[in-house]
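Q: My questions concern the predicted model and sequence given below.
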Amino acid sequence: MPLKPTRLPAEEERFEVRFIMRDGEAEVECFVDEGAIEDLDPEDDDPLVDRFQRHRAVFEAIASWLHDEGDVPRVELHHVAQFRER
């Protein structure tokens, strides 16, 4: 079952952004590493969480895909490339 987006704010952590999605009523912690964010929003001096927000829908789709595959929803650079190829 695909994860559902939430309106909960994302939080910047060390070299990644943490955000919450839902699997039914359960909250699922999802992460996007800095490399994945920089791939979609390169050469920008804005805070990492702001850059994540501009592409949040893409990262949510990738996290949901990873979750459906049985993986931890931790989006890394190579996942962005795989997602583009799908």
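A: Nice, I can see it. Residues are numbered from 1 along each chain as shown.
Q: residues in contact with Arg51?
A: Residues near Arg51 by C-beta atoms under 8 Å, 6 or more residues apart in numbering: 37-38, 40-41, 44. Bear in mind the C-beta positions are built from the backbone N, C-alpha and C, glycine included.
Q: let's go with 7 Å and repeat that
A: 37, 41, 44 (C-beta atoms under 7 Å, 6 or more residues apart in numbering).
Q: Work out which residue lies at the spatial centre of the chain.
A: Centroid-nearest residue in the chain: Phe59, 3.5 Å away (criterion: C-alpha atoms, centre = their mean).
Q: so where do the helices sit in this structure?
A: Per DSSP state H, the chain carries helices over the ranges 34-40, 48-54, 56-68, 77-85.
Q: by contact count, what packs against the last one?
A: What that stands for is helix 77-85. Contacts defined by 3 or more C-beta pairs under 7 Å, 6 or more residues apart in numbering; DSSP states H and E place helix 77-85 against helix 34-40, helix 56-68.
Q: Any idea how far the last one is from the middle of the chain?
A: Pointing back at helix 56-68 there. Once both centres are worked out by C-alpha atoms, centre = their mean, to the nearest Å, helix 56-68 turns out to sit 6 Å from its chain's centre.
Q: Need the CA coordinates for the helix or strand of the chain with the lowest mean pLDDT. PDB is fine.
A: Within the chain, confidence by mean pLDDT, DSSP states H and E is lowest for helix 77-85 among all helices and strands, at a mean of 92. Extracted as PDB, the C-alpha positions of helix 77-85 are listed here (Å, rounded to 0.1, in the frame of the first residue of the first chain):
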ATOM      1  CA  LEU A  77      21.100   9.800  -4.600                       C
ATOM      2  CA  HIS A  78      21.000   6.500  -6.500                       C
ATOM      3  CA  HIS A  79      17.300   6.200  -5.700                       C
ATOM      4  CA  VAL A  80      16.600   9.400  -7.500                       C
ATOM      5  CA  ALA A  81      18.300   8.000 -10.600                       C
ATOM      6  CA  GLN A  82      16.400   4.700 -10.400                       C
ATOM      7  CA  PHE A  83      13.100   6.600 -10.000                       C
ATOM      8  CA  ARG A  84      13.800   8.700 -13.100                       C
ATOM      9  CA  GLU A  85      14.300   5.500 -15.100                       C
END
